[in-house]
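Chemist: quick one, structure for this:
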Amino acid sequence: MQLPALNRPRHHLCFFSLDPQFCLTPLTALPADDIRLPDRTRSLLCQLDEHDRCQLERLCTAGKAASIGLTIAGRRWQCHLAPTENHHWLLSAEMAQVRHEDRLGLLEWQLQRGWAQDAPQLSAQLPELVDTLISQQGADRVILWRHYPAEELLRPLYSQGLSFSLQPVKAERRYLRTLQQRGGLSYSHCSQQPLLSAFSYLPGDEIQHRLDVPLLVDKELVGLLSLEYRRQRAPVTASDMQFVSAVATRLAALSHTPSLPVPPADIDIGHLTPLLSRHTGQDFFNQLVQQLATLCGADIALVGLQHYRKDQVRVVSCQMDGQLQPPFSYHLAGTPCHFSREPTANICIHRSHIAEQFPGDKLLQEKGMQAYIGLSIKDEHRQPLGILALLFKQPLTETAALQRLLEQLESRVRDELLRRRDKEALMVAAAAFDAQEGLFITDSRMQIQRANNAFAHISGYECEELSGRSVLSLRADDPHSATIEIIIHAMEQHGRWQGEQRLLRADGQELPVNLRLTRVRDGLGIMHYVCCVEDLSEQKADKQRIEKMAYCDELTGLHNRRFMVEHINHTVALAEHESSRGALLLLDLDDFKNINDSLGYAIGDDLLVQVAERLNTFAGQIEGASLARIASDEFVLLCPDLGHGYIGAKTRAEQLALSLREQFLLPFQLGSLRLYLSASIGISLFPVASLGLEEYMRQADTANHIAKRIAPGSHVFFNQEMADEVQERLRISNALQQALANNELELYFQPQQQVQDNRQLGVEVLLRWLPPGKKPIPPGHFIPIAEETSLICDIGDWVLQQTCSRIQSWQAGGHAPGRVAVNISARHFHSTHFVSRLSRLLLQYPACRHNLTLEVTEGVILENLQESRNRMTQIKALGVNLSIDDFGTGYSSFAYLRELPVDELKLDRSFIQHIDQRPQDKAIIACLLELANTLQLSVVAEGVETEPQLATLAELNCPAYQGYLRARPMPEADLLRWLAAQ
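Modeler: Numbers count the residues shown, from 1 in each chain. Sure thing, here's the model as predicted:
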C-alpha cells in the first residue's frame, strides 16, 4: 500500500570515541543534512541537561557497557556505551528524525498496513506500537494502566522502560474526572503535583515530567496511558496530544479486555528483534519477559539462571500479572521446569491441567495456572545453563508458534545468560581478591595476570613476581595428583576443575593445596581462568593430630583401645594365614581405685605414666608386640607369633606373664612416696575358630576377673569353664532383677541370744530367693553377683524398707524381738544417697530408732576410712547402731576402732568353728573379747553349732551368740512362733 503524502522516518546511526574528558571523535561519516550534531570542540557533559549529565557520569564511573537516552542539541538520541582500552569509550548514537506533522500520518499508515483493530491481534503488536510512541515522543518509559471503577484502582497492564515492579494505585476521583474531561493532562515537577500523590514511586524515581491520556470506550474510562520523562520535556503541543490520543484510542480495546490473550498461531519474532537488540544485561532480560508476556499472552514469563550442581534456579527476570517481579529462587524438584536437568531435554510443553500434575508447586496452585511451555538453555558443554518459560491461566490448543518463538530466541538468551554467569564469576573473583583465600587469574595460556596477597603469602612470592609467571612453574611433581593434561581436558569439557595439588613455593618447599579452577569470559569475550587456592598444610597437620588422638592415649602416649581392637583384626588374620599362634594379655592394676581415692588423681596419673614407661620398655624387647592402655588402670599386651603349636604358645605366654609381674617387684617413686603395686593378668590365646575380634578382649577380661578373685597379682589363662561361669552369672543377674520386681525375695531371721542364759537379744536379717516352682537359690550364689552392679543398692533399699516396716509392725503388736541387724554391702554403704534414704525411712517408721543395727565389714570401712568415719557418724546421729561384721578376718587394725562410732563387734564363724579344739583360736577370741571390753563394745559370736563351742564362749565371758545350735534362719511367721515359745 502506498502512502504518497507521508515523509518516512530517517534513522541516523553515528559512532564516536569518547575520551576521559568526555570529548567526542567521530569514527564514521556523519549525515550531511540539517541534523544538529554534538559540538566536538566541547565536552559532551557541557551539552547535556543535569539529569542526563549525572546519568552519563554514573555509567562511565561504573565502567560497564550500558544503554542510555540523551538529549543532544535539542534532539533525543539513543546511545550505547562500551568500554575500550586506555579508558576510552565506544559510543553509538541513533536518532529517528520524523517531522512533527508526519506523526499521525505514520501511525495511520502503520494501522492501514495491517495493524489490528481488535484486542487479540493488537496485543501481539503492542510492543512495536509502544516503541513507536517512545521514539516519537522521546519518553523514558510508557505505562498502560487498566481502570477498575468499583475499587477505584489503576492496575499496571503493560510497561516498557521500567526496571522495577509496579503496584496498583488508588487514584483520586478528582484526578480521574479531570483527566476524562480534558482528554489528557501534562505535568512538570511531578513530585509537587497533588493530583499525582497516589503515584508514590514518582519522587524516588526522579520523574520530572509526565503526560497522561485517558483510554475511553463509549465515553467510559477503561484505562490510562502514561508517558514519563526523567527530564523536563518541551511543552506538549496540540499535535503531540493528538498523536498520543490516537495511540490511546487504539489501546483502549486492549485495556478493556480481562487479560492479554494468547497470540495467534503464527508469531513473528520481527516484533521482538528490534527491541531486544538495543538492550543487554538486566535490561535485556526485563524487556524479554515483558515483550514475551505481551506478545504471547502469557500470564507469567520468566528467565532463570541454573546453579551448577544444584537443583535450583535463580530467576533473573519475571513478568507476572503485568508487573516485573523482584528476583527470587526456586528448587526444580516438583516443578515443570525439572525437565531441564536432563542433558538431552530441550523443550517441555504442558497444554493443560499443569497444576494438577505438579501439586507441590505453590506458584502453579496460587496463580491457577493451566498451561506451560519451557525452553532449557544449555551451555557450550550441554550442561544446564538456564530456563525460559511461559505460563498461562488458560489451556493451550496450539503451541507450534510458541515453540518456534522460544527456539528462535534461544541463541540470544544463551549469550546473555553466559555473559551474566561469567560476569558474576568475575565479580565474585574481584570481591574475593581481598579475602583470606588465595586467588589468581590467568589468561588462556595459564599465565598469571593478577594474584592477591593471600596467594602471594601461600606461594612465598611477591604479587609482582607472580604476574606473568606460568602456573606450571608453581606445580611440584606429584605422582598422586592429576596431571596437567587431565586438568586441561576437564576444563575443555566442563569449564571447571577441582582437586588437590602440591604447590612449589619460592623457597623450594612443597605445600599441599586445594585448587578450584573456573573458566570464564570477560565482557569482550576473552577467556580467563579464575583459580582459588586453599592451603591444606594446617588441615593435613590437624588431620594427623586427630588421627593420633583417635589412636593414642593422651596421658601415657601409648596406643588406645580403638587402635588395639583394629590391630587385633590384622594380627589375628595374619596368624590364621601363617598358622601361627599368639596371645593377648590384659593387665589390670590391683587396688588402683584406693590409690586414686586416698592420694588423689594427680598421684594416680603420675603412677599410670610410670607403669606405662615400664611396660613399654618391656614390650619393646618382644618382637612384633603392641602395647595399649584400654581403660583407666587396664593395659593390653598383644604378642603375635609365639609358635605354631598350642602347648608351645601357652608356655611362651606364661613366661611373658611372669616377666610382666616382675615389672612390679620394684616400688614406684612418686616424689617422696614409694608405692608398691601389683597387677592381675588375664590371657587369651589366638586364633580360635569362629571367634569374633571383640571376643578375644572379653576372654582376657574374664580371665583377669578370675585372677583377681583367686589372688591379686596372679595370672590366669582363659578356658571354656570360665565362659560358662560368666554366662551363668549373667543369667542370674538378669533373673535377679526380675525377682526383685516380682517379689520373689523374702526376709529370713536368725535369733541372737545371751550366752549365759539363752535370753533373746535380737535377730539378724538374712535374704532368701525363692523362685516360684523352683528350688531356693542360696545367698552365696546371687549376693556376690548383685554386689558387682548397682542392683545391690536396689536390693539393699528394699531390705531396709521391709525391715523397718516389720519392726514398726512388731512394736505395735507387742512382738518385738529386740535389736534387728541388717547387713549393708560396700557399694550400698558408699552410695551417694544412702544416709538421706535411711533418714527418710526412720521418719516413716519412727519405732526403728535405737532398734535397728547396721552391719558393715572391715573391708567396707577401709575402702575409704575418712569417708566411712563421716558416714558412720551421720548414721549414729539418726539413732541407728553400728556393728563391724566378720571382725578379725579383714585388714584388722585396733587403732581405727578408737576413731569409729561403732557399738558392736561380730566374731567370724571361722574363729568359732574350732574354738573348743584349738587353743590358738580360743586365745584369739579371748584377746578380741578383752579388746571389746576395753573399748566398751558389745560382742556377738557367729556360727555356734555345738554345745562345746557355746561352753567355751561362756568360759571366756562372751556376751551373745547366734547359730544353728539354737535356731536356724526362719521366715517371719516361724520367728513369731519361736519367740512365743521362749
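
Chemist: which SSE is Gln699 in?
Modeler: Assigning secondary structure by DSSP states H and E places Gln699 in helix 693-710.

Chemist: and if you look at Ala628?
Modeler: Judged by DSSP H and E, Ala628 forms part of strand 626-631.

Chemist: now that strand, how far from the centre of its chain.
Modeler: Relative to its chain's centre, strand 626-631 lies at 34 Å (C-alpha atoms, centre = their mean, to the nearest Å).

Chemist: run through who's touching that strand.
Modeler: 553, 555-556, 558-561, 563-564, 567, 571, 586, 608, 612, 615-616, 619, 635-638, 697 (C-beta atoms under 8 Å, 6 or more residues apart in numbering). No exception for glycine: its C-beta is placed from N, CA and C like everyone else's.

Chemist: which of the residues you listed fall within helices?
Modeler: Arg561, Phe563, Met564, His567, Thr571, Leu608, Ala612, Leu615, Asn616, Ala619, Met697 (DSSP state H).

Chemist: how about the one helix or strand Ala739 maps to: buried residues?
Modeler: Assigned by DSSP H and E, Ala739 falls within helix 720-741. The neighbour-count check on helix 720-741 (16 or more other C-beta atoms under 10 Å) flags Met722, Val726, Arg729, Ile732, Ala735, Leu736, Ala739, Leu740 as buried.

Chemist: run through the bridge partners of Ile683.
Modeler: Taking DSSP bridges as the rule, Ile683 bridges to Leu585, Phe717.

Chemist: can you say which helix or strand has Pro203 in it?
Modeler: Per DSSP H and E: helix 201-204 holds Pro203.

Chemist: contacts for that helix?
Modeler: With contact meaning C-beta under 8 Å, 6+ apart, helix 201-204 is reached by Phe164, Leu166, Cys190, Ser191, Leu196, Arg210, Glu228.

Chemist: state the mean pLDDT of stretch 292-308.
Modeler: Here stretch 292-308 scores 87 as its mean pLDDT.

Chemist: quick revisit: and of the ones in helices among the contacts of strand 626-631, the nearest to Cys463?
Modeler: The nearest member of the ones in helices among the contacts of strand 626-631 to Cys463, counting by C-beta to C-beta, is Phe563 at 46.3 Å.

Chemist: and the residue nearest to the closest one when sequence neighbours are not counted, what does it touch?
Modeler: Among residues not flanking Phe563 along the chain, Tyr551 sits closest, at 4.0 Å (C-beta to C-beta, 6 or more residues apart in numbering). Counting by C-beta under 8 Å, 6+ apart, Tyr551 makes contact with His559, Asn560, Arg562, Phe563.

Chemist: if we go to 10 Å?
Modeler: Shown in contact with Tyr551 (C-beta atoms under 10 Å, 6 or more residues apart in numbering): His559, Asn560, Arg561, Arg562, Phe563, Met564, Glu566, His567, Ala628.

Chemist: now for the last one, how many residues are close by?
Modeler: Look at Ala628: counted by other C-beta atoms under 10 Å, it has 26 neighbours.

Chemist: after the helix or strand where Val303 lies, which helix or strand is next?
Modeler: Taking DSSP H and E as the criterion, Val303 maps to strand 300-306. Per DSSP H and E, the first helix or strand lying C-terminal to strand 300-306 is strand 312-320.

Chemist: any chance you could map the helices in the stretch 301-450 of the chain?
Modeler: 354-357, 362-367, 400-432 (DSSP state H, counting those that start in this stretch).

Chemist: got a list of contacts for the second one?
Modeler: Residues external to helix 362-367 that are found in contact with it (C-beta under 10 Å, 6+ apart): 299-300, 302, 320-321, 328, 330, 334-336, 350, 354-359, 361, 369-370, 372, 391, 393.

Chemist: could I get the average pLDDT for it?
Modeler: According to the model, helix 362-367 has a mean pLDDT of 92.

Chemist: buried ones in it, by neighbour count?
Modeler: By neighbour count with 16+ other C-beta under 10 Å, helix 362-367 contains the buried residues Leu363, Leu364, Lys367.

Chemist: export these as JSON lines, with columns for distance to Asn514.
Modeler: Output for these, formatted as JSON lines (distance: C-beta to C-beta, whole Å):
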{"residue": "Leu363", "distance to Asn514": "39"}
{"residue": "Leu364", "distance to Asn514": "42"}
{"residue": "Lys367", "distance to Asn514": "45"}
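
Chemist: helices along the stretch 51-200 of the chain, start to end?
Modeler: Under DSSP H, counting those that start in this stretch, the stretch 51-200 of the chain gives helices at 103-112, 119-137, 173-182.

Chemist: mean pLDDT for these: which is lowest?
Modeler: Lowest mean pLDDT within those: helix 103-112, a mean of 44.

Chemist: Lys423 is in contact with Arg521, isn't it?
Modeler: Yes: using C-beta atoms under 10 Å, Lys423 is in contact with Arg521, at 9.2 Å.

Chemist: just among the contacts of Tyr551, which is most surrounded?
Modeler: Each of the contacts of Tyr551 was scored for neighbours by other C-beta under 10 Å, and Ala628 scores highest at 26 neighbours.

Chemist: what separates the closest residue to Arg450 other than its chain neighbours from Tyr551, distance-wise?
Modeler: Nearest residue to Arg450, sequence neighbours excluded (C-beta to C-beta, 6+ apart): Ile441, at 5.0 Å. Per C-beta to C-beta, to the nearest Å, Ile441 is found 43 Å from Tyr551.

Chemist: what do you get for Asn742?
Modeler: Distance from Asn742 to Tyr551, by C-beta to C-beta: 47 Å.

Chemist: helices and strands around the helix holding Gln699, which ones?
Modeler: For helix 693-710, the packing partners by 3 or more C-beta pairs under 10 Å, 6 or more residues apart in numbering; DSSP states H and E come out as helix 561-578, strand 582-589, strand 626-631, strand 634-639, strand 679-686, strand 715-717, helix 720-741.
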